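Novice: sequence and computational prediction follow.
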Amino acid sequence: MDKIALDRGIALRRQVVGAEYADKSLKHEGFGSHLQLLITAYGWGEAWSGEHLPLKTRSFLMIVMLATLNRPAQLRVHVLGALNNGATPEEIEDVLAHVAVVCGAPCALDALKIATEVIDEARSRPAV
């Protein structure tokens, strides 16, 4: 595994989804640990680290893909990541409007429910 990509991926994953979540994902050993390293090195260290798209745009892409794939647990993580990357709730709602038109209302409404929960939780946390 590419050590440079892994280190870059760890740093970016911690930045986007938060150190606590990222560290917890990488903490366990044994079954599943290789998959976490693979995702961190190549997903975060390569794909997420590309030069041509800002992080907020990458977050929007993740929201669309995860909503479409009906992956609520990962959608929750990436809505928070989008907020961390400077996205506003209004921008996230606009992204979900595209999901509704292209992928269907049920898909977008499920994603909206999750996004609303994450945004409400983020708003209720004390500022750091």
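Specialist: Looks like it arrived, so ask away. Numbers count the residues shown, from 1 in each chain.

Novice: surely A82 touches F60?
Specialist: Yes. A82 is within contact range of F60, at 6.7 Å (criterion: Cβ atoms under 8 Å). To be clear about C-beta, it is placed using only N, CA and C from the backbone, and glycine gets the same treatment.

Novice: neighbour count: those two, which is higher?
Specialist: A82 (28 against 22; other Cβ atoms under 10 Å).

Novice: now the host helix or strand of the more buried one: average pLDDT?
Specialist: Using DSSP states H and E, the element containing A82 is helix 72-84. Averaged across helix 72-84, the pLDDT comes to 97.

Novice: this structure: helices as residue ranges?
Specialist: Under the criterion DSSP state H, the chain contains helices at 3-17, 19-27, 33-38, 55-69, 72-84, 89-103, 105-124.

Novice: so for S49, which of those sits nearest?
Specialist: Evaluated with Cβ to Cβ, the helices of the chain place helix 3-17 nearest to S49, the distance being 5.4 Å.

Novice: elements contacting that closest one?
Specialist: In terms of contacts (3 or more Cβ pairs under 8 Å, 6 or more residues apart in numbering; DSSP states H and E), helix 3-17 is packed against helix 19-27, helix 72-84.

Novice: report the inter-axis angle for that helix versus helix 55-69.
Specialist: Here helix 3-17 points in a direction 80 degrees away from that of helix 55-69 (axes from the mean of the first three to the mean of the last three Cα atoms, to 10 degrees).

Novice: relative to helix 72-84, how tilted is helix 3-17?
Specialist: Angle of helix 3-17 versus helix 72-84, following the same axes, to 10 degrees, is 80 degrees.

Novice: show me what counts as buried in helix 3-17.
Specialist: A5, L6, R8, G9, I10, L12, R13, R14, Q15, V16, V17 (16 or more other Cβ atoms under 10 Å).

Novice: identify the residues contacting that helix?
Specialist: 22-23, 25-26, 37, 40-46, 48-49, 55, 59, 77-78, 80-81, 84-85 (Cβ atoms under 8 Å, 6 or more residues apart in numbering).
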